[in-house]
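Engineer: Structure, please.
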Amino acid sequence: MNTSKQISQWRIVAASVCGTSHSKNQQLCQDAHHWQLLANNVLVIAAADGAGSAKLGKVGSMIAVETAIEHLSHQEITSNTLANNDFLGYLLTDAMLAARKAIEIEADICHNQPHDLATTLIVMIATPEIVAVGQVGDGLAVAKNSMGNLIALTIPSNGEYINQTTFLTSPDALETAQLKIWREEIVNVGVLTDGLQMLALNMIVGEPHKPFFLPLFEFVANAEDRILAKEHLMRFLSSDKITKRTDDDLTLVLAAFINS
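Structural biologist: So this is what the prediction gives:
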């Protein structure tokens, strides 16, 4: 008789690396990410890209992701709240609002303007049955269901020009934020900043690029050693295969739900 207990869990591998253009100019990586596993297999993820034009963009991105995740970790996210789309939307919007307020407070303390800490922000709540995302600015959030179907939960939000986007400190940031809820049997989720979006998304049809995501999702599903897996991911993001196509900062957060 097999008495072994079945364990279901998320496996997460995440990294932010400095773009080659920033490295050459001896600039800091403006990207940041943060994630946390909560009770009942609830995974919360945040990723942000500090504006290159903002003198404290790195500070803004770090404050944004840490505040958003801390805010969500103190909420009571139960099966009942997860069943309510309106409440999920509220949770995401409130987390982004908390992040913006934290940036405004930091700017005031340091005698700066909020736009000096300008950053994008993606916030995700994921369980094995649902994924919900809020996004201000560019970047991308994706998910894969048990049938192997990939969906772009959000799409990069660009302005009139290709390098223009909305930042969390923009006046209309929360009013124009993308909110998406997908109820499926979730196997994988991924979040990335705009440095990777040209490689990861078919911009014409707005669909995730399968040759990019499927090997990465298989990689995280088999990543039993988290430290080693992070090293591999950082090497991948710093490889010629990637840096020949983008010189921007890169953040990639990958997760797989494992039944074992």
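
Engineer: Where does pLDDT dip in the stretch 1-150 of the chain?
Structural biologist: For the stretch 1-150 of the chain, the stretches with pLDDT under 70 are 1-7, 21-26.

Engineer: try 50
Structural biologist: 1-5 (pLDDT under 50).

Engineer: Now do the helices in this structure.
Structural biologist: 20-24, 57-73, 79-82, 85-109, 197-200, 210-221, 226-237, 240-243 (DSSP state H).

Engineer: Now do the end-to-end distance for stretch 229-246.
Structural biologist: This stretch, stretch 229-246, spans 22 Å end to end (Cα to Cα, to the nearest Å).

Engineer: hmm, back to that, and of the helices of the chain, who's closest to A132?
Structural biologist: helix 85-109 (4.5 Å; Cβ to Cβ). C-beta coordinates here come from the backbone N, C-alpha and C atoms, glycine included.

Engineer: Give the buried residues for that closest one.
Structural biologist: 88-89, 91-100, 102-104, 106-107 (16 or more other Cβ atoms under 10 Å).

Engineer: what's it in contact with?
Structural biologist: Helix 85-109 is contacted by residues 46, 56, 59-60, 63-65, 67-69, 71-72, 75, 77, 81-82, 113-114, 116-117, 119, 121, 123, 125, 130, 132-134, 136, 168-169, 173-174, 177, 179, 181 when judged by Cβ atoms under 8 Å, 6 or more residues apart in numbering.

Engineer: hmm, which of these are the buried ones?
Structural biologist: 46, 56, 59-60, 63-65, 67-69, 71-72, 75, 77, 82, 114, 116-117, 119, 121, 123, 125, 130, 132-134, 136, 168-169, 173-174, 177, 179, 181.

Engineer: My guess is I130 contacts K180. True?
Structural biologist: No - using Cβ atoms under 8 Å, I130 is not in contact with K180, being 11.0 Å away.

Engineer: hey, what's in contact with both of the two?
Structural biologist: In contact with both I130 and K180: no residue, using Cβ under 8 Å, 6+ apart.

Engineer: gap between A102 and L117?
Structural biologist: Distance of A102 to L117, given as Cβ to Cβ, to the nearest Å: 10 Å.

Engineer: Between these two, which contacts overlap?
Structural biologist: Taking Cβ under 8 Å, 6+ apart as the contact criterion, the common neighbours of A102 and L117 are I63.

Engineer: Centre of the chain to stretch 30-41, how far?
Structural biologist: Relative to the centre of its chain, stretch 30-41 is centred 9 Å away, using Cα atoms, centre = their mean, to the nearest Å.

Engineer: Only C-alpha atoms, please: export it in PDB.
Structural biologist: Extracted in PDB, the C-alpha atoms of stretch 30-41 (Å, rounded to 0.1, in the frame of the first residue of the first chain):
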ATOM      1  CA  GLN A  30      16.300  49.600 -13.300                       C
ATOM      2  CA  ASP A  31      14.200  46.400 -13.100                       C
ATOM      3  CA  ALA A  32      12.900  44.800  -9.900                       C
ATOM      4  CA  HIS A  33      10.800  41.800  -9.000                       C
ATOM      5  CA  HIS A  34       9.400  40.200  -5.900                       C
ATOM      6  CA  TRP A  35       7.100  37.200  -5.100                       C
ATOM      7  CA  GLN A  36       5.700  35.300  -2.200                       C
ATOM      8  CA  LEU A  37       3.800  32.100  -1.600                       C
ATOM      9  CA  LEU A  38       0.800  32.600   0.600                       C
ATOM     10  CA  ALA A  39      -1.500  30.000   2.200                       C
ATOM     11  CA  ASN A  40      -3.700  27.700   0.000                       C
ATOM     12  CA  ASN A  41      -1.300  27.700  -2.900                       C
END
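
Engineer: Next, the buried residues of that stretch.
Structural biologist: For stretch 30-41, burial by neighbour count (16+ other Cβ under 10 Å) applies to Q30, D31, A32, H33, H34, W35, L38.

Engineer: Please consider this matter closed, and thank you.
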